[in-house]
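Enquirer: Starting from these lines, generate the structure:
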Amino acid sequence: MKENATALSYLFTPTVLKEMYENKSSNKLINVFRESNIQNLLYENTTLKELFENAYKQLLKTYRNEYVFKNAIAKKILLGRHSINSSTLFTEFRVETSKADVVIFNGTTHVYEIKTELDTIERLENQIANYKKVFEFVNVVTVESKVKTIEKIIDEDVGILVLTEQYTLNTIRKAKSNLAKLDKASLFNLLRKNEYLKIIKKQFGYIPDVPNTKIYTACLQLFVTLSINEIHKIVLQTLKNRVSYKNLVSNIKQFPDSLKVAILEANLNLEEQKEFLKLLNTKVNNIFSQRGKYVSSIS
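Expert: Predicted coordinates for the structure are as follows:
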């Protein structure tokens, strides 16, 4: 059963989903079926949408991996508590030497570090230290069995949420504001060169006239003279501007719950959304047969 669940998890990997968006099929998806005993998910008239939904239900029961947690955060926090009109979500967001699992920017900055039943917590202390440099609210999302161990490692200002067996997110401890402790240089390092040049120009009226090899240092020196509140606000808005969900507002509810975080990550334009929604309602074997391949189904 675990082997099957592991195979199912591949259906939700960026490789498979990117192939589906771009090619309307996926060799990796076909290989998952050929190499794994998961034919019970595929009936004669099974649509791609039903396949993803059924596979996701199996993951919830037997293999709650990182994707399940990311998807729960997207559905229950971004879409449930906030709004895609005013919020932005990133996954695998680089901060210092760590990659934050999920980051949400709305009126402020939130980070959610995931520790599933499958994960160790060896790196958690260092990860939290990195996140505290740039995010106002720092959270760990985990399972009930890891809560006591995590509580011993992290400070009391770090929030703890549990993804329950009933697929709800329970708040064990609310995160407290970390705004006053943010690090100016670390916030600067979240920015791309074109972003910090634009900020420096707007805030100071000029860009330092120095060789290209010294522009980073010159801009950083100006940047850190701003107050931490101002810096946080500027960086927040800059990062939010990287992604716009305006094309998703009208269609996000049409995509299956199993794919919420994947759709947010892909940020498809309206035409791509239309095509993918159409594909989701197509019978799986019709999709495969178009590539000269066929996956046997239960009749």
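Enquirer: Contacts only, for the nearest residue to residue 86 once chain neighbours are set aside.
Expert: Distances taken as C-beta to C-beta, 6 or more residues apart in numbering place residue 106 nearest to residue 86, at 5.9 Å, with adjacent residues excluded. The C-beta positions use only the backbone N, C-alpha and C, and glycine is treated the same way. When contacts are counted by C-beta atoms under 8 Å, 6 or more residues apart in numbering, residue 106 is found next to 82, 86, 87, 88.
Enquirer: cool, residue 178 as well?
Expert: 132, 135, 136, 137, 138, 157.
Enquirer: wait, what's in contact with the fifth one?
Expert: Shown here is residue 138, whose contacts under the criterion C-beta under 8 Å, 6+ apart are 111, 113, 128, 131, 132, 157, 158, 159, 175, 178.
Enquirer: The same query, at a cut-off of 6 Å, please.
Expert: Going by C-beta atoms under 6 Å, 6 or more residues apart in numbering, residue 138 touches 111, 131, 132, 158, 175.
Enquirer: Just confirm the first one contacts residue 105, I think it does.
Expert: What that stands for is residue 111. No - between residue 111 and residue 105 there is no contact under C-beta atoms under 6 Å: 10.0 Å.
Enquirer: Please say which of the two ends up with more neighbours.
Expert: Using other C-beta atoms under 10 Å as the criterion, residue 111 and residue 105 rank with residue 111 on top: 29 against 24.
Enquirer: residues touching that one, list them.
Expert: 100, 103, 131, 135, 138.
Enquirer: Tell me which of these fall in strands.
Expert: 100, 103, 138 (DSSP state E).
Enquirer: Between those residues, which sits nearest residue 286?
Expert: residue 103 (37.8 Å; C-beta to C-beta).
Enquirer: so what's that closest one bridging to?
Expert: Residue 103 forms beta bridges with residue 90, residue 111, as assigned by DSSP bridges.
Enquirer: measure the closest residue in space to residue 275 that isn't next to it in sequence to residue 279 for me?
Expert: What sits nearest to residue 275 in space, not counting adjacent residues and going by C-beta to C-beta, 6+ apart, is residue 24, at 7.5 Å. In this view, residue 24 and residue 279 are 6 Å apart by C-beta to C-beta, to the nearest Å.
Enquirer: So what does residue 116 have for phi and psi?
Expert: phi -80, psi 180 (degrees, to the nearest 10).
Enquirer: show me the contacts for it.
Expert: Neighbours of residue 116 in contact, by C-beta under 6 Å, 6+ apart: 66, 69.
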